[in-house]
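Enquirer: turn this into a model:
(one chain, ligands or ions: 2)
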Amino acid sequence: MAVEKIVIGRDREDIKKYGAEGTAFIGKHIVGKGEEAHLTNPIHMDVIRPHVVLVAGKRGTGKSYSAGVIAEEIAMLPKEIRENLSVIMIDTMGIYWSMKTPNEKDRELLKKWGLKPKGLPIRLYVPKGWVKEYEKVGVKVDGSFTLACSELTAMDWIMTFGFSMLDPHGIAIERAIKQVKTRFGTDYGIQDIIKQVEEDKRTEKAVKDALVNRFSAAEDWGLFERKGTTVKELVEPGIITVIDVSHYMRVSAGWSVRSMIVGLLARKVFQERLMARKAEEFEVMAGERRKTIPMVWLMMDEAHQFVGTEPTAATEPLLTLIKEGREPGISVLMITQRPGKLHEDALAQADLIISHRLTAEADIRALRSIMQTYMLEDIQDLMNALPRLKGAALVLDDNSERIYTLQVRPRFSWHAGGSPAAIKPKGLFG
Ligand SMILES: Nc1ncnc2c1ncn2[C@@H]1O[C@H](COP(=O)(O)OP(=O)(O)O)[C@@H](O)[C@H]1O
Ligand SMILES: [Mg+2]
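Expert: Residues are numbered from 1 along each chain as shown. Ligands and ions are numbered 1, 2, ... in the order given. The predicted model follows:
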């Protein structure tokens, strides 16, 4: 007899209509505590509707791994569903490229679950200026991306450089951007901005020098061009596109560069999907098919760095997706080890939470704040009762107003996120 599936993230009407079709098999329900704990019903998560998902947990508890499971499931849906979806994974740590490789290291574990290792046809995109670096270490890159200078607002630059609108630096940036736009329209590069700053008679020398320094440093990010990569290029139906921004770990303004990329990407995805919705409506009305981008799942690690308590160039664009992404069909999946540091609106909008073990009081309080309305048990007690296994998590489902204890399934594809050990494991092929 088939064991009944638990479907989360889906309302009653959709369950009636679709059953468990178009869901992600993320793991199994854990029943019982401690020694007695065992795995029972499969847990399936809706992925065909837009969601705001939070994946939380302390370092090393399985967050990145769990997000990878959800991405895998989307990429392995039946073709007619998969075609209408896409995944953009903002990879802050540079770990998701390995998804092309089958997870041989967990073959035995997968077998216990009745599964087999399998590599996925992901596409790895890296900043244009860094393609060679990846290839040098033997990572095959599928494409590179750039940002169009003209798509960045004065505010984007100001925030990325850590200035404010009101200080002389901010004012000078605003003036320079306005001028290059008047002179060149959308066709300008960093050198044009630098020239503009240098020619500005109203700005004092020290400020100019500082700005020229910043813009020159930005040129070394290997990112900016006159024409940027379009969302259409980055999004492919049924495919996971990994946008690797990990390189900026080594740059001093690392997080602000990454925020700039994420912010711009979020804005473009939103605009593109708004257009796509219109075309989709048109298709339903007139039966005429237009080429549009599929619904998007935007996933990001270290989400509190982008939509945290401190504003970044990514904060507003991401909050727009989080608050208004439902209509254009955009899902946002935020991974964080510090839910307590997430922007309160981002936290409040999450309708699905997968939380691995957390211990900091502020983080537990953050989860409690979202779910208190229907929760009888306390998060802390539930957290304490979680088996001490990698991938064990609580699932808080706002749609069914229920909480489950979950063991996330093993990955089909290779996970590169484990912490290194000084004792090397025996190689796979030797
Ligand atoms: N569901 C799971 N099943 C089996 N092993 C897991 C699972 N989740 C995590 N792990 C193991 O735990 C390690 C750390 O997980 P990871 O997701 O990288 O942690 P973090 O929470 O820091 O992102 C992984 O490399 C993997 O070996
Ligand atoms: Mg991680």
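Enquirer: pick out the residue in the stretch 251-400 of the chain sitting closest to ligand 1.
Expert: Nearest to ligand 1, among the residues of the stretch 251-400 of the chain, is Gly391, at 2.2 Å (Cβ to the nearest ligand atom). Every C-beta, even on glycine, is put in place using the N, C-alpha and C of the backbone.
Enquirer: my guess is Lys28 meets Thr405, correct?
Expert: No: counting by Cβ atoms under 8 Å, Lys28 sits too far from Thr405 to count as a contact (9.8 Å).
Enquirer: so the residue of the stretch 251-400 of the chain closest to ligand 1 touches Ser66, yeah?
Expert: Yes: using Cβ under 8 Å, Gly391 is in contact with Ser66, at 6.8 Å.
Enquirer: which ones are touching Gln305?
Expert: Thr92, Trp255, Arg258, Ser259, Thr312 (Cβ atoms under 8 Å, 6 or more residues apart in numbering).
Enquirer: then Gln271?
Expert: By Cβ under 8 Å, 6+ apart, the contact list for Gln271 is empty.
Enquirer: where's it, which helix or strand?
Expert: Assigned by DSSP states H and E, Gln271 falls within helix 254-286.
Enquirer: go on, Gln407?
Expert: Assessed by DSSP H and E, Gln407 sits inside strand 402-408.
Enquirer: which residues touch that strand?
Expert: By Cβ under 8 Å, 6+ apart, strand 402-408 touches 6, 8, 26-31, 39, 43, 62, 65-66, 69, 354, 371, 374-375, 377, 382, 385-387, 389, 391-397.
Enquirer: rerun at 7 Å
Expert: Strand 402-408 is contacted from outside by 6, 26-30, 39, 43, 62, 65-66, 69, 354, 375, 382, 386, 389, 391-396, using Cβ atoms under 7 Å, 6 or more residues apart in numbering.
Enquirer: how about that strand: buried residues?
Expert: Ile403, Tyr404, Thr405, Leu406, Gln407, Val408 (16 or more other Cβ atoms under 10 Å).
Enquirer: strands paired with it, and their directions?
Expert: Looking at strand 402-408 with DSSP bridges, its partner strands are strand 23-31 (antiparallel), strand 392-397 (antiparallel).
Enquirer: which of the ones you listed sits closest to Glu283?
Expert: Set against Glu283 and scored by Cβ to Cβ, these come closest in strand 23-31, at 24.9 Å.
Enquirer: the helix or strand that that closest one is followed by to strand 23-31, inter-axis angle?
Expert: Elements were assigned by DSSP H and E; along the chain past strand 23-31, the next helix or strand is strand 38-46. Going by axes from the mean of the first three to the mean of the last three Cα atoms, to 10 degrees, strand 38-46 is angled at 150 degrees with respect to strand 23-31.
Enquirer: distance between the ends of stretch 398-417?
Expert: Start and end residues of stretch 398-417 are separated by 29 Å (Cα to Cα, to the nearest Å).
Enquirer: give me the buried subset of the contacts of strand 402-408.
Expert: Among those, the ones that count as buried by 16+ other Cβ under 10 Å are 6, 26-30, 39, 43, 62, 65-66, 69, 354, 375, 382, 386, 391-396.
Enquirer: neighbours of Gly129, just the number please.
Expert: When neighbours are defined as other Cβ atoms under 10 Å, Gly129 has 17 of them.
Enquirer: residue contacts, the closest residue to it other than its chain neighbours?
Expert: Leaving aside its sequence neighbours, Gly129 sits nearest to Gly222 (Cβ to Cβ, 6 or more residues apart in numbering; 1.4 Å). Gly222 is in contact with Pro127, Lys128, Gly129, Trp130, counting by Cβ under 7 Å, 6+ apart.
Enquirer: and Val197, what does it touch?
Expert: By Cβ under 7 Å, 6+ apart, the contact set of Val197 is Ala172, Ala176, Lys208, Leu211, Val212.
Enquirer: ok, of the residues you listed, which one's closest to ligand 1?
Expert: Checking the contacts of Val197 one by one against ligand 1 (Cβ to the nearest ligand atom), the nearest turns out to be Leu211, at 37.6 Å.
Enquirer: the closest one: which element?
Expert: helix 205-219.
Enquirer: name the strands paired with the helix or strand following that helix and say parallel or antiparallel.
Expert: Per DSSP H and E, the first helix or strand lying C-terminal to helix 205-219 is strand 224-225. Counting by DSSP bridges, the strands paired with strand 224-225 are strand 147-148 (parallel).
Enquirer: pLDDT (mean, whole number) over the partner strand?
Expert: For strand 147-148, mean pLDDT rounds to 94.
Enquirer: same check, this time on stretch 71-83
Expert: Stretch 71-83 shows a mean pLDDT of 97.
Enquirer: buried ones in it?
Expert: Neighbour-count burial for stretch 71-83 [16+ other Cβ under 10 Å]: Ala71, Glu72, Glu73, Ile74, Ala75, Leu77, Ile81, Arg82.
Enquirer: stretch 278-293 now?
Expert: In stretch 278-293, counting by 16+ other Cβ under 10 Å, buried: Glu280, Thr292, Ile293.
Enquirer: could you export those residues as a markdown table, including distance to Thr101 and pLDDT?
Expert: Output for the buried residues of stretch 278-293, formatted as a markdown table (distance: Cβ to Cβ, whole Å; pLDDT from 0 to 100):
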| residue | distance to Thr101 | pLDDT |
| --- | --- | --- |
| Glu280 | 35 | 82 |
| Thr292 | 32 | 80 |
| Ile293 | 27 | 88 |
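Enquirer: rewinding a little: filter the contacts of Val197 down to the buried ones.
Expert: Buried among these by 16+ other Cβ under 10 Å: Ala172, Ala176, Lys208, Leu211.
Enquirer: quick one: mean pLDDT over the helix or strand just after the helix holding Gln271.
Expert: Per DSSP H and E, the first helix or strand lying C-terminal to helix 254-286 is strand 295-300. For strand 295-300, mean pLDDT is 98.
Enquirer: distance from the chain centre to strand 295-300, please.
Expert: Relative to the centre of its chain, strand 295-300 is centred 6 Å away, using Cα atoms, centre = their mean, to the nearest Å.
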